[in-house]
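> sequence plus predicted model, see below.
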Amino acid sequence: MRKKSEFTTVERAIQTVDGFQKVFNTLQQQTILRGQSQNTLDNYIRQIALISLEFNKLPEDLSEEDINEYLTALALSPKSPSRSSFKHAIYGLRYYYRHIGQNKRAINLPSLKKEAKLPVILNRSELRQLFMAPKLLKHRIALTLIYSAGLRSQEASNMKISDIDFERRSIHIRQSKYKKDRIVPLSDYMAKGLKKYLAVEKPHIWLFNGKEPDGRYSVKGLSWIMRETLKKTDIKKNVTLHSLRHSYATHLLEDGLNILIIKKLLGHAKIETTMIYLHVAQCPITSAHSPLDTLYPQK
């Protein structure tokens, strides 16, 4: 029998808050029927569980004072300087209130202003240093692949061996954000590294095997690789695993690729999302390729 501390936030809410099991089941069903992202639901349901545990009641039974008190505490918490917990709580509550038909309460929640911050980019020297740092081939390949194809962390976790087409030099990214597929170029450098990795590690089904129930490597595990690798470098920038995707887009712009092609390669729904990279690069027209091919000087 598991100890109480070993239960997840959602599991504790199901056990202790009256009616939360029904809420969880309903939201799970809606996610499937609407074709929404499971990751999005997981974030929302966890925030709903947290606030339900805080007051031992469901959000619809809370007063405006309770909600404001809870959100204020999150906004001022020193544990979340990025205000990520505050933002996720707003999104989760807004999603929940709309789901149960309380649109007015959803509208009355605090509005969130988008932070006008430019993405932190790793330069080419820093990337070369980063990719040389891991001792394990698997870690080196994971980081390099994410940069070379501009992958989101979940996309790297979901990547199957069969998604790599060495003959056509392409990578098939399936059912990512917005439930869309896309195909991106496979770098020649990356192809060589992947063939060596597959021969040595012999992964099964998933490109990166791990401890997830279905056998894949987790997103948290990939983020851990990035954090541990950064410790072995001289890089002082405040970067995360997602910074490799930012660097991919920026370097493609600097290599001269048109921003409309980059939008397609990144899988962005709106061009406005891609245009942030115009603040750090120029975009003359050239053919599609992976920036890994220009990372190392040609001999």
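That came in fine, so what should we check first?
> outside of the helix or strand hosting residue 265, which residues touch it?
According to DSSP states H and E, residue 265 maps onto helix 259-266. For helix 259-266, contacts defined as C-beta atoms under 8 Å, 6 or more residues apart in numbering pick out 150, 182, 184, 245, 248-249, 252-253, 271, 273-275, 277-278, 283, 288. Where C-beta positions appear, they are placed from N, C-alpha and C, glycine not excepted.
> now stretch 49-66
Outside stretch 49-66, the residues that reach it (C-beta under 8 Å, 6+ apart) are 9-10, 12-13, 16-20, 23, 48, 67, 70, 89, 92-93, 96-97, 100, 102, 108.
> pull the helix or strand with minimum mean pLDDT from this protein.
helix 20-34 (a mean of 82; mean pLDDT, DSSP states H and E).
> for that one, buried residues please.
The neighbour-count check on helix 20-34 (16 or more other C-beta atoms under 10 Å) flags 20, 23-24, 27, 31 as buried.
> alpha carbons only: can I get that helix in PDB?
Extracted in PDB, the C-alpha atoms of helix 20-34 (Å, rounded to 0.1, in the frame of the first residue of the first chain):
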ATOM      1  CA  PHE A  20     -13.800  15.500  -7.600                       C
ATOM      2  CA  GLN A  21     -13.800  12.000  -9.100                       C
ATOM      3  CA  LYS A  22     -16.800  13.000 -11.200                       C
ATOM      4  CA  VAL A  23     -15.100  16.200 -12.300                       C
ATOM      5  CA  PHE A  24     -12.000  14.300 -13.300                       C
ATOM      6  CA  ASN A  25     -13.900  11.700 -15.300                       C
ATOM      7  CA  THR A  26     -16.000  14.300 -17.100                       C
ATOM      8  CA  LEU A  27     -12.900  16.400 -18.100                       C
ATOM      9  CA  GLN A  28     -11.100  13.300 -19.300                       C
ATOM     10  CA  GLN A  29     -14.100  12.500 -21.600                       C
ATOM     11  CA  GLN A  30     -14.300  16.000 -22.900                       C
ATOM     12  CA  THR A  31     -10.600  16.000 -23.700                       C
ATOM     13  CA  ILE A  32     -11.000  12.800 -25.800                       C
ATOM     14  CA  LEU A  33     -14.200  14.000 -27.600                       C
ATOM     15  CA  ARG A  34     -12.800  17.400 -28.400                       C
END
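> and that helix, what other elements does it pack with?
helix 9-16, helix 38-55, helix 84-99 (3 or more C-beta pairs under 8 Å, 6 or more residues apart in numbering; DSSP states H and E).
> ok and it relative to helix 38-55, angle-wise?
Helix 20-34 runs at 160 degrees relative to helix 38-55, counting by axes from the mean of the first three to the mean of the last three C-alpha atoms, to 10 degrees.
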